[in-house]
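A.B. asks: Okay, predicted coordinates and the sequence, questions at the end:
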Amino acid sequence: MDWQGQKLAEQLMQIILVAFAVVAFFTGYVLGSFQMMLLIYAGGVVLTTLITVPNWPFFNRHPLKWLDPSVAEKHPKPQAAAATTSKKKGSKK
Amino acid sequence: MHSFGYRANALFTFAVTILAFMCAIASFSDTLNSPTPTAHVQVLSINRFQKRPDGDDEVSMTFNISANLRSLFTWNTKQVFVFLAAEYETSKNSLNQVSLWDYIILEKEDAYFRIRSTNKYRFIDQGSNLRGKDFNLTLHWHVMPKTGKMFADKIVMTGYRLPEVYR
């Protein structure tokens, strides 16, 4: 799953669950049935699980484009000469 | 959200949090219900009124209870526990409560009832104070919800009096 797929999955999960919760609560309240509320919400949780948990293809539409290995070889990493700066970079990560 | 397990964990956590909120709101919706229960108890006869060997007074009575507690039930009600207590004052204690009868109402349909019964539990005073005693019969109830806050209330019925002599 790529970065934008992860964001999409999280937002889908939150929106669908809240929507099902609202529908389930009002249906249960109007019908006077606590069990109906729980059933609708449980259905919503199962549906949300099926949509957002597996790694579906539509979560992978924005693959990261890595540098070609040949390009990377032309720009070798600075070695011991810049030890201090590389440490700083390391700590920022 | 990068792996299967992490997504499953995030979904489960969020789903349970929302469920807790739904239960809290369901419990709050109970406070919007303003019940109008009615109850009436008629003492038909005092079957037995004696001094026990240890000196305590004991009464056995038959009564009719008619009550309509249907308005106590909401969509969030699991059951209603109802009990009838005899309440009276003695010189030693300002409030004596003796449970005479109880019942667990599971269905709203059963909450409108009329029952003739003798006291299910023994009506024994701690002492010998019951001759000619004025007492109240109080119908207490506890509304037990499926989730959230439990409610309790009562109807006090006054004007009952025990006989002056043992029988």
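C.D. replies: Done, it's in. Residues are numbered from 1 along each chain as shown, chains lettered A, B, ... in the order given.

A.B. asks: Tell me the spatial nearest neighbour of residue B:31, not counting adjacent residues.
C.D. replies: With sequence-adjacent residues excluded and distances taken as Cβ to Cβ, 6 or more residues apart in numbering or on different chains, residue B:31 is closest to residue B:149, at 8.0 Å. Every residue, glycine included, has its C-beta placed from N, CA and C.

A.B. asks: go on, residue A:44?
C.D. replies: residue A:20 (2.7 Å).

A.B. asks: so that neighbour touches residue A:38, yeah?
C.D. replies: No: if you go by Cβ atoms under 8 Å, residue A:20 and residue A:38 don't touch, sitting 11.4 Å apart.

A.B. asks: Which parts of chain A are helices?
C.D. replies: Taking DSSP state H as the test, the helices found in chain A are A:3-31, A:34-52, A:69-74, A:83-92.

A.B. asks: Just put these in CSV and tack on distance to residue B:31.
C.D. replies: Listed next are the helices of chain A as CSV, based on distance: least, Cβ to Cβ, whole Å:
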stretch, distance to residue B:31
helix A:3-31, 14
helix A:34-52, 16
helix A:69-74, 66
helix A:83-92, 53
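
A.B. asks: For residue B:67, find the nearest of the ones you listed.
C.D. replies: helix A:34-52 (24.4 Å; Cβ to Cβ).

A.B. asks: any idea how far residue A:60 is from residue A:22?
C.D. replies: 31 Å (Cβ to Cβ, to the nearest Å).

A.B. asks: my guess is residue B:158 meets residue B:136, correct?
C.D. replies: Yes: with contact defined as Cβ under 8 Å, residue B:158 reaches residue B:136; the gap is 5.1 Å.

A.B. asks: show me the contacts for the residue nearest to residue A:44.
C.D. replies: A:40-41, A:43-45, A:47-48 (Cβ atoms under 8 Å, 6 or more residues apart in numbering or on different chains).

A.B. asks: domain assignment for chain B?
C.D. replies: Structural domains annotated on chain B: B:1-32, B:34-161, as defined by automatic domain parsing.

A.B. asks: For residue B:86, which non-adjacent residue is closest in space?
C.D. replies: residue B:98 (4.7 Å).

A.B. asks: Repeat that for residue B:71.
C.D. replies: Using Cβ to Cβ, 6+ apart and skipping the chain neighbours, the partner closest in space to residue B:71 is residue B:35 (4.0 Å).

A.B. asks: OK, contacts around that neighbour?
C.D. replies: Taking Cβ under 8 Å, 6+ apart, one finds B:69, B:71-72 in contact with residue B:35.

A.B. asks: And residue A:45, by the same measure?
C.D. replies: Contacts of residue A:45 by Cβ under 8 Å, 6+ apart are A:17, A:20, B:11, B:15.

A.B. asks: Switch these over to CSV; also include pLDDT.
C.D. replies: Below are the contacts of residue A:45 laid out as CSV (pLDDT from 0 to 100):
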residue, pLDDT
A:17, 95
A:20, 96
B:11, 94
B:15, 96
